[in-house]
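>>> Sharing a model that was predicted from the sequence below.
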Amino acid sequence: MQRGLGRRALHSRWTRSHLRRAAPLGGKARGTRQPSRYLLGLVLGGLVAVMFLPARPLAQQRPVITTPARILAPPTARTPLAIAVAPAEGLPRDTYLRIRGLPQTVALSEGHAIAPGVWAIPLSVLPVLAAIVPIGTQGTADIVIDLMSLDGKVLAEAKTTLVIPVANQPPPAAATAPASPQVGSAALASPPQAAAPNPGDRERALSLYSKGLELLERGDVDAARKFFERAADLGLSQGAMALATSYDPNELAKLKVIGLQANAAAARKWYDRAAELGAAEAGERLRRLGTP
């Protein structure tokens, strides 16, 4: 029994002595656990990989339509609409604005009507987009502006109110001084204004114009032209403008119409008629067409 205890004591002293010799200076024994060089390499490699990973793109900012809360549009004047879309980058291809709620008598300087009171506007023309209000129109209209993708998805929406004040009435003829006769080019500066149609004819003309827009939306251009012409014959400037637009090669190019023959001479004829009826934008369209 004593012999067995002696052996265990000797073995214990030998083990402690061996561990002291194996331990490095100021360190721990070889048998203690230390971080493995392989594990340390993995950690460092992971840190470097994270540092050089490409930055994750931020979530794409949703487009926003900005427009004044109220737009004052006096008759016979071109009123800029001041509509903007931001950001312009990253929008789907062929994105456009759909403006709804316009009075049927109000026209826009750019784009085209796709239904009564509804216009489609390319984003590229927003800086020059204006409303043209004819004489005799007044009141307010709540306008809805939608940013549309080509597949019909609404990407953003905004609202504004179009305010059309009563046009200033000219002073009575007896109170006006006789005007001196104009000579030279000054006599051609302002086109003669046609007499406004009576209320019955105007209502009928607007109905014909609206029917023409419906046919145009369906793609029946020939039938739409007939309704526009009848509206123009009743003295509606919008009818003459719509008819001229259907022949205008510049406007047809904007609409990317295929298979519809342009006719610059017919476009000039009806732009001239629209100018006589008081359409302020007709002169600019004529300038775009150039001389025959």
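All right, it came through fine. What you are looking at is a predicted structure, and each value in this text was computed from that prediction instead of being measured.
>>> give me the low-pLDDT residue ranges for this protein?
Judged by pLDDT under 70, the chain has its weakly predicted residues at 1-60, 76-77, 167-200, 255-259, 292.
>>> Name the SS class of the residue lying closest to residue 234 once chain neighbours are set aside, please.
Distances taken as Cβ to Cβ, 6 or more residues apart in numbering place residue 205 nearest to residue 234, at 3.8 Å, with adjacent residues excluded. Yep, even glycine has a C-beta here, placed from its N, CA and C like the rest. Applying DSSP: H, G, I helix; E, B strand; the rest coil to residue 205 yields a three-state assignment of helix.
>>> Which parts of this protein are helices?
Ranges of helices within the chain are 2-22, 37-51, 199-218, 221-233, 237-247, 249-255, 264-276, 282-289, based on DSSP state H.
>>> Can you check what angle separates the last one from helix 264-276?
In this case it means helix 282-289. 160 degrees (axes from the mean of the first three to the mean of the last three Cα atoms, to 10 degrees).
>>> Just the residues contacting helix 282-289, thanks.
With Cβ atoms under 8 Å, 6 or more residues apart in numbering as the test, helix 282-289 has contacts from 109, 191, 237, 240-241, 244-245, 248-251, 264, 267-268, 271-272, 274-275.
>>> Try it again at 6 Å.
Applying Cβ atoms under 6 Å, 6 or more residues apart in numbering, the external contacts of helix 282-289 come out as 250, 264, 268, 271, 274, 275.
>>> Tell me the one of these nearest residue 210?
residue 274 (17.4 Å; Cβ to Cβ).
>>> wait, doesn't the closest one sit right on residue 237?
Yes: look at residue 274 against residue 237 with Cβ atoms under 6 Å: they come within range, at 5.1 Å.
>>> residues near the closest residue to residue 162 other than its chain neighbours, how many?
In space, not counting the residues next to it along the chain, residue 162 is nearest to residue 141; the distance is 4.6 Å by Cβ to Cβ, 6+ apart. Residue 141 is flanked by 17 other residues according to other Cβ atoms under 10 Å.
>>> which residues does residue 141 contact?
Contacts were defined as Cβ under 6 Å, 6+ apart; by that measure residue 141 touches 101, 103, 162.
>>> Since that was my last question, I'll sign off now.
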